[in-house]
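K.L.:
give me a 3D structure for the following:
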Amino acid sequence: MVWDVSAAAPNTVVRAWLEPKSMRAPVTLPITGAQRTELALGRLTGDGLEPLPERALKVLGLSREALLEAARANSTADLAELKPRYVRDRHNVIQYAELASDRPLVASAVLAPGFLPLFKDTLGDSVLVVVPSRYAAYVFPKLASSYRDYYPMVFEAYRATAFPVSVEVFEFSAGSIQAVGVFEEP
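P.N.:
As a prediction, this is how the structure comes out:
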């Protein structure tokens, strides 16, 4: 499908999502510290996430950063479709939250302005996030976390999809996202 960028305002169609660099999306932005992942810009269609063609930047007359802001606002709708499932240990302490969907919108939803506040009361002001596919994300508390113990779950989700994203670990804190590690198998 070809983008008709003149048919709609960018703030009504644009999405940003975490994407493997190997996909070579035409319009991207870097993530601080990331080696394998970047932010792709495009739109969510009935067929999935569709990258924005490079020529669309000129037609729209917007910078990548302006499109990212519009996309983050649109990701609020994606986040609203998701309900975190909290996984607790035998002492009833939350170990992580899982976001999952049968639509490829999770990789976009994590960029919503309301994402971090959603977890503030349960996981803290700063969280660690891994997005193994467009359909799933795991959110761990940054403090007192044993997130590395969950590598089998992360790799299973990463390998079980036609649209893997990354096994990099991202720290989400007030106003920033940065890569802080990578899941590895022993």
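
K.L.:
for this protein, what spans make up the helices?
P.N.:
Secondary structure of the chain by DSSP state H: the helices cover 10-13, 55-60, 64-80, 106-109, 115-123, 151-159.

K.L.:
any chance of those helices in TSV, plus distance to His91?
P.N.:
For every residue, glycine as well, the C-beta is placed using N, CA and C. Listed next are these as TSV, based on distance: least, C-beta to C-beta, whole Å:
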stretch	distance to His91
helix 10-13	45
helix 55-60	51
helix 64-80	29
helix 106-109	28
helix 115-123	15
helix 151-159	20
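
K.L.:
looking at these, which is buried most?
P.N.:
Counting by mean count of other C-beta atoms under 10 Å, helix 106-109 has the highest mean neighbour count of the helices of the chain, with a mean of 27.

K.L.:
tell me how many other residues crowd Tyr147.
P.N.:
The number of residues packed near Tyr147 is 21, by other C-beta atoms under 10 Å.

K.L.:
per-domain residue ranges of the protein.
P.N.:
What automatic domain parsing lists as the domains of the chain is 10-79, 81-182.

K.L.:
how long is the last one from one end to the other?
P.N.:
Taking C-alpha to C-alpha, to the nearest Å as the measure, domain 81-182 stretches 28 Å from start to finish.

K.L.:
thought Tyr138 was touching Tyr150?
P.N.:
Yes: in this structure, Tyr138 is within contact of Tyr150 by C-beta atoms under 8 Å, at 6.8 Å.

K.L.:
the two: who's more crowded?
P.N.:
The neighbour count for Tyr138 versus Tyr150, taken as other C-beta under 10 Å, is higher for Tyr138 (23 against 18).
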